[in-house]
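# sequence plus the predicted model coming up.
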Amino acid sequence: MHISAPRFLLTAAFAASCCCVCTPALAAEEAPLLQLEASASQQVRRDQVQITLATDVEGASQGEVSRKLNAALQQVTEQARTVPALRVSNGPYWVAPQSTGNDDDKTPAEKRWRGNAQLVLESSDFDAASEFARKVSDTMAVNGLNFVLSTEARETARKQLLAQAAQAFRDKAEHAAKAFGFSRYEIRTLSLDGACAPMPKDLGLMRSFAVANAEDSAMPMEPGDATVRVSVTGAVALY
């Protein structure tokens, strides 16, 4: 009897220790999880313009059309490189055969070739881009225009919005905990996402560009705003 008593006490102490260790873990696993989402957004002025220049060429052979297209591309590209505010890159380029004549006519159709080449101008200097497009309109005319938000402007806005979105998430979690009768919450998972809403097409504005080119005047530049949004989603445990 004297020898077994310490063994009993040791066994009881070990059991009590296991109970103390396991209880908090079990309570944490049983804590209800709540999925939450919060976001912050702001309007940011689009600070870059993308102008697409294009030229259409016809000729009696594929080689003739290609030479004309290449000459136009080289001329405008070299001119663009002299303007520091402009960045220029190649757009779509194609050459294809075009048949002329009527299918009902017994006369063999004449085979012609037609091609199209495009260049894309990018700049943060709207005036410089507009003036350059006007200057080269006889060689390559404006075929499209788009305003975008630069990476720098977007990241600057996102940094400002991140703190707002994080605070909004914490506020939601705190209010939800109180609403369901809990005294506190613990963040379990988090994910972050940022987006920039695309710019809708403005057909009326595009028509005004065509008129501006015809009158040899500067193109109107109305970039509009982009919506930058930062969203925070995650799960919180309620206690």
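Everything's here; your move.
# drop to CA atoms for contacts and neighbour counts, all remaining ones
Will do.
# helices of this protein, start to end?
With DSSP state H as the criterion, the chain has helices at 4-30, 62-81, 126-135, 151-179, 203-214.
# buried sites along the fourth one?
Pointing back at helix 151-179 there. If you call a residue buried by 16 or more other C-alpha atoms under 10 Å, then helix 151-179 has these buried ones: 154, 157-158, 161-162, 164-170, 173-174, 176-177.
# repeat for the third one
Of the residues in helix 126-135, those scored as buried under the neighbour-count criterion (16+ other C-alpha under 10 Å) are 126, 128-130, 132-135.
# what packs against it?
The elements that helix 126-135 packs onto, with contact taken as 3 or more C-alpha pairs under 8 Å, 6 or more residues apart in numbering; DSSP states H and E, are strand 48-59, strand 110-123.
# relative to Leu73, which of these is closest?
Among those, strand 110-123 comes nearest to Leu73, with 7.4 Å by C-alpha to C-alpha.
# what's in contact with that closest one?
Residues outside strand 110-123 that contact it (C-alpha atoms under 8 Å, 6 or more residues apart in numbering): 48-62, 65-66, 69, 73, 85-101, 129.
# show the buried residues in these.
Buried, going by 16+ other C-alpha under 10 Å: 48-59, 62, 65-66, 69, 73, 85-88, 95, 129, out of the contacts of strand 110-123.
# which residues of the chain score low on pLDDT?
Filtered on pLDDT under 70, the chain yields the residue ranges 1-29, 100-109, 194-219.
# mind redoing it with 80?
Residue ranges of the chain with pLDDT under 80: 1-29, 99-110, 194-220.
# please parse it into its domains.
Taking automatic domain parsing as the domain assignment, the ranges for the chain are 31-47+150-239, 48-103+113-148.
# quick one: terminal-to-terminal distance for the last one?
Going back to what we said before, that points to domain 48-103+113-148. Between the start and the finish of domain 48-103+113-148 there is a gap of 5 Å, counting by C-alpha to C-alpha, to the nearest Å.
# same question for the longest one.
Here the two ends of domain 31-47+150-239 are set 6 Å apart, with distance taken as C-alpha to C-alpha.
# how far does that domain sit from the chain's center?
Relative to the centre of its chain, domain 31-47+150-239 is centred 12 Å away, using C-alpha atoms, centre = their mean, to the nearest Å.
# beta partners for Gln118?
Per DSSP bridges, residues listed as beta-bridge partners of Gln118: Ala54.
# for Leu145, see how far away it is.
As for Gln118, its distance to Leu145 is 12 Å (criterion: C-alpha to C-alpha).
# same check on Thr77?
Taking C-alpha to C-alpha as the measure, Thr77 falls 18 Å from Leu145.
# can you report how many residues lie near the nearest residue to Tyr93 once chain neighbours are set aside?
Leaving aside its chain neighbours, Tyr93 sits nearest to Ala117 (4.4 Å; criterion: C-alpha to C-alpha, 6 or more residues apart in numbering). Here the count is done by other C-alpha atoms under 10 Å, and Ala117 has 22 residues near it.
# separation between Ala117 and Glu78?
Between Ala117 and Glu78 the computed distance is 15 Å (C-alpha to C-alpha).
# cool, Ala177 as well?
Going from Ala177 to Glu78 by C-alpha to C-alpha gives 64 Å.
# rewinding a little: okay, Gln118 and Leu145: which has more neighbours?
Applying other C-alpha under 10 Å to Gln118 and Leu145 shows that Gln118 carries more neighbours, namely 23 against 19.
# spit out the contact partners of the spatially closest residue to Gln35 that is not a sequence neighbour.
Of all residues beyond its chain neighbours, the one nearest Gln35 is Ala235 (4.4 Å), with distances taken as C-alpha to C-alpha, 6+ apart. Contact partners of Ala235, counting by C-alpha under 8 Å, 6+ apart, are 33-36, 187-190.
# and Ala235, how close does it get to Glu131?
In this view, Ala235 and Glu131 are 53 Å apart by C-alpha to C-alpha.
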